[in-house]
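Student: take a look and give me a structure for this.
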Amino acid sequence: MGMADIFDVIADGTRRDILRLLLERSAGSAAGTSVSQIVAELGVSQPTVSKHLKVLREAELVAVREEGQHRFYRLLPQPLDAVDDWIVPFLSAPEPMPAATLSEPAAHAAEAVGRAAASAKHALGSALKKFPGR
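Tutor: Presented below is the predicted three-dimensional model:
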């Protein structure tokens, strides 16, 4: 999936709400979250939730497990790495600082530390996503 496609998928607020809910629920259980739980939690109709889950499934952002008539969804965050990779340079870009706040050498040092911290945070987050059970 291309980066433009993933941005199209996550551009919808209901899909972001579903992803956020699945993220919150993934910490406690690998079993997944049922469609009826998503409907109840978000207060959106079942057909609407099903439509959005189909888009998320096609984007490989969620996995589904069928159990009888019930379907349980869980988050697959790996496709979001492309979004993360695109955003990180903006987060680590230096913000203009008032000249009176820091001396020039201190401002350069703070900028270098900020960029290093953002890079380390991104690298650690990407590494942790590669381990099962996360």
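Student: from the chain's centre, how far out does the helix or strand harbouring Phe72 sit?
Tutor: Phe72 belongs to strand 70-75 when elements are defined using DSSP states H and E. Its chain's C-alpha centre lies 17 Å from the corresponding centre of strand 70-75 when counted by C-alpha atoms, centre = their mean, to the nearest Å.
Student: now do the strands in the chain.
Tutor: Listed in chain order, the strands of the chain (DSSP state E) span 33-34, 62-67, 70-75.
Student: how about these in TSV, adding mean pLDDT, mean neighbour count and distance to Asp8?
Tutor: The C-beta positions use only the backbone N, C-alpha and C, and glycine is treated the same way. Formatted as TSV, the strands of the chain follow (pLDDT from 0 to 100; neighbours: other C-beta atoms under 10 Å; distance: least, C-beta to C-beta, whole Å):
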stretch	mean pLDDT	mean neighbour count	distance to Asp8
strand 33-34	94	18	23
strand 62-67	93	14	16
strand 70-75	93	18	18
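Student: okay, those in CSV with distance to Ala106 next?
Tutor: Conversion of the strands of the chain to CSV gives the following (distance: least, C-beta to C-beta, whole Å):
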stretch, distance to Ala106
strand 33-34, 48
strand 62-67, 46
strand 70-75, 41
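Student: nearest to Ala40, of the ones you listed?
Tutor: Closest approach to Ala40 among the strands of the chain (C-beta to C-beta): strand 33-34, 9.2 Å.
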